[in-house]
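Student: Return a 3D structure for these sequence lines:
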Amino acid sequence: MTADSMNQWNQISKGVYYDSNPVVHTLFTYLITRVWYSPAAVVIVQVIIMSIMIGYCMYNFERLGVDKKILYLIILAMALNPVNGIMFVTLWKDIIYSGFILLFTMLIINIVITNNEWIYNRKNLIYFILCSLGVVLFRHNGLVPLFGTLVILIVSNIKKSKPYIITFVSVLVVFLLIKGPIYSLIGIEPASSSEAFGIPTQQIAAVIKNNGYLNEDQLKKASEIMPLNSWSENYMPGNVDYIKFHKDFKVDKLMEDKMAFIKLWAGACIQNPKIAFDSYLSQTAIGWSVKGYVNWGSREISANSLGLKQTILSNSLTKMGNKFLNLTQKPDLQHFFWKPAFQMFFILLFGFLAILRNGSKTLLVILPVLLNAATIFIATPAQDFRYLYANSLVCLIPIIFSFIKIDRPRKDISTVSKDTSKK
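Tutor: Residues are numbered from 1 along each chain as shown. The predicted structure follows:
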């Protein structure tokens, strides 16, 4: 449990909720703790949910004809992967959200394989809508991969777009109802839009740090938000938190006149294009580079005033787990385990092979994870692996899918055919 985990646990303990972390996930945690008021309860449910999602994906591939032995090996690899080991027992919204991206990807495969027939089953449509709600409600950036994918599905299937339009409208209505009337009724404070200004904030700081050109009005505006020396001293390439959470950073000044801040940012970038571009590359590096640092998370419960402490049940198992984690974080191996750009390479490679084998519509299979990664290039505060943990979960899916040849209309895979049952 890290600061984000404590933030949500504090909301649960006080019964006061705000949307800095998605309230739906906080309430999900709240409901679990009504049975047993312990982080362990949340972890148990999280492990079960993630296991069911992975199990469903493998079961689906079995029904599509993939050899069971291959699927068992994949499940074993995912179960023994130390990254999954530590992520599944970490109390972050990002974990189940990444699971929903995985599940959503598998449902898209069902749609592609059956040429839209799968989603015309009413039960399957309900599954699809529920999964879509999971994507959009468990992380704020889930809007992009969900609605982006639905728009492409509608456009690419104009004559068969009804279920996708129903999904789009249903999810949008539920989302607006939750974010509007329900939040107001419960008294939930909306998330600050200042979170969207992470990259601009970094670029302004980089210009000040590197003695770039800013006119008197721009310097005055920047100093109103934060003293110029603090801008310079606290700029760290790739991580805006050192500025955003600094005591001198006046977020209220930024929010009072957002257009003035945007004007300051645009001017700083236009006047100092190289500094601004280098800062942008550093800030978004987790999405495209295997170099630099990555924050892989925590192995303990952070210090807190809530009485939450970590209890080690088995020293030998804990040492073994830490030993494997240490191995994955060695310089020669961390690219494979902890660099989302490395995993994205395989997603793109085998996504391309699937397109060569089965046509351009198979691009839909990797679209959700691509759009999720694209949000990093729009707004990201730091080089946290968890933001792109979905890459790690999804990367094996296009690899398996690329070996499936769609050479005939398939039956609705929501039911097992008689031949499969006999086999």
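
Student: What number of residues are in the vicinity of the nearest residue to Ile400 once chain neighbours are set aside?
Tutor: Distance criterion CB to CB, 6 or more residues apart in numbering; nearest residue to Ile400, sequence neighbours excluded, is Phe61 at 5.6 Å. For glycine as for every other residue, the C-beta is placed from the backbone atoms N, C-alpha and C. The criterion is other CB atoms under 10 Å. On that basis, Phe61 has 23 neighbouring residues.

Student: what's the distance between Phe61 and Ile129?
Tutor: Between Phe61 and Ile129 the computed distance is 23 Å (CB to CB, to the nearest Å).

Student: returning to what we had before: was I right about the residue nearest to Ile400 contacting Leu71?
Tutor: Yes - contact criterion CB atoms under 8 Å: Phe61 and Leu71 qualify, at 6.0 Å.

Student: And the residue nearest to Ile400, how far from Leu254?
Tutor: From Phe61 over to Leu254 the distance is 48 Å, taken as CB to CB.

Student: for Ile243, same thing?
Tutor: Going from Ile243 to Leu254 by CB to CB gives 11 Å.

Student: ok, now Ile270?
Tutor: Shown here: Ile270 relative to Leu254, a distance of 20 Å by CB to CB.

Student: Not counting residues beside it along the chain, what's closest to Arg139?
Tutor: The spatial neighbour of Arg139 that comes closest, neighbours along the chain excluded (CB to CB, 6+ apart), is Tyr97 at 4.3 Å.

Student: got the CA coordinates for the helix or strand containing that neighbour in CSV?
Tutor: With the criterion set as DSSP states H and E, the secondary-structure element containing Tyr97 is helix 93-113. As requested, C-alpha coordinates have been extracted for helix 93-113 and formatted as CSV (Å, rounded to 0.1, in the frame of the first residue of the first chain):
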residue,chain,number,x,y,z
LYS,A,93,-7.0,0.9,-8.8
ASP,A,94,-4.6,0.3,-11.7
ILE,A,95,-4.6,-3.5,-11.1
ILE,A,96,-8.3,-4.3,-11.7
TYR,A,97,-8.4,-1.6,-14.4
SER,A,98,-5.6,-3.4,-16.3
GLY,A,99,-7.6,-6.6,-15.8
PHE,A,100,-10.6,-5.0,-17.5
ILE,A,101,-8.4,-3.9,-20.4
LEU,A,102,-7.3,-7.5,-20.7
LEU,A,103,-10.9,-8.8,-20.6
PHE,A,104,-12.1,-6.1,-23.0
THR,A,105,-9.4,-7.2,-25.5
MET,A,106,-10.6,-10.8,-25.3
LEU,A,107,-14.2,-9.7,-25.9
ILE,A,108,-13.0,-7.8,-29.0
ILE,A,109,-11.4,-11.0,-30.2
ASN,A,110,-14.8,-12.8,-29.9
ILE,A,111,-16.3,-10.0,-32.0
VAL,A,112,-13.6,-10.2,-34.7
ILE,A,113,-13.6,-14.0,-34.8
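
Student: Tell me the first helix or strand C-terminal of that helix.
Tutor: Once the chain leaves helix 93-113, the next helix or strand it forms, by DSSP H and E, is helix 122-137.

Student: Provide the contact partners of that following helix at residue level.
Tutor: Counting by CB atoms under 8 Å, 6 or more residues apart in numbering, helix 122-137 makes contact with 22, 24-25, 96-97, 100-101, 103-104, 107, 110, 118-119, 142-143, 145-147, 150, 163, 166-167, 170-171, 174-175, 178, 368, 412, 414, all of which sit outside it.
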